[in-house]
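Visitor: predicted model and sequence below, questions to follow.
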Amino acid sequence: MGDWFKQLNGFNNCQMYWWYDLLPLSEIGIKFMNRYIAVLVILGTITGAFMSAGALAPAIDFMSLVVVIAVGVGHALGAKDGENRITRFGDGCVRGGWLGLLIGVIVILNVDAAAQMDFTMIIPAMAVAWLAPLYGYFFKLISMQLD
């Protein structure tokens, strides 16, 4: 804040976030704590959104998760000198999510139900295929908070 605010309120050494001084944590500890609180808020929001829509079970697919995390880890391992591995992991997860969607659509379209236009089987399968980009962007969002 500007000096005019400090003089106006009679504070010589005030900081914008003066309540941090009351806590026994250092400034670095506060920043790390804020990052983890942000991750918990993101997790809670996404979980709450699925719970309000019905249940969390339709949002869980192990194979999509494996594809997204494997591509993310592979992308992070390919980081060059000076590149942040957490950022590379998040970018790789997004790419893995889109690759997982393409793989899922190809698998869905190669099933007899697609040839017969049986939408009672195609639509739930498409919902599962779209979980891969959701996971990819979710991990990208988390990696942005932890970076």
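Guide: On my side now, so go ahead.
Visitor: OK, contacts around Ile46?
Guide: By CB atoms under 8 Å, 6 or more residues apart in numbering, Ile46 lies in contact with Phe138. Placement of C-beta: from N, CA and C, glycine included.
Visitor: and Met126, how close does it get to Lys140?
Guide: Remark: distance between Met126 and Lys140 (CB to CB, to the nearest Å) = 22 Å.
Visitor: so who does Asn84 touch?
Guide: Asn84 makes contact with Asp147, according to CB under 8 Å, 6+ apart.
Visitor: which residue, other than its chain neighbours, is closest to Leu99?
Guide: Val71 (6.3 Å; CB to CB, 6 or more residues apart in numbering).
Visitor: so for Met126 and Lys140, which residue has more residues nearby?
Guide: When Met126 is set against Lys140 and neighbours are counted by other CB atoms under 10 Å, the residue ahead is Lys140, at 20 against 14.
Visitor: let's verify that one: helix, strand, or coil?
Guide: Per DSSP: H, G, I helix; E, B strand; the rest coil, the secondary structure class of Lys140 is helix.
Visitor: so it sits against Val94, correct?
Guide: Yes - contact criterion CB atoms under 8 Å: Lys140 and Val94 qualify, at 4.9 Å.
Visitor: what's the burial count for Ser143?
Guide: For Ser143, the count of nearby residues is 22 (other CB under 10 Å).
Visitor: ok, Leu43 next?
Guide: For Leu43, the count of nearby residues is 12 (other CB under 10 Å).
Visitor: likewise Lys80?
Guide: Neighbourhood size, Lys80 [other CB under 10 Å]: 6.
Visitor: same thing with Gly82?
Guide: When neighbours are defined as other CB under 10 Å, Gly82 has 5 of them.
Visitor: and if you look at Asp61?
Guide: Neighbourhood size, Asp61 [other CB under 10 Å]: 19.
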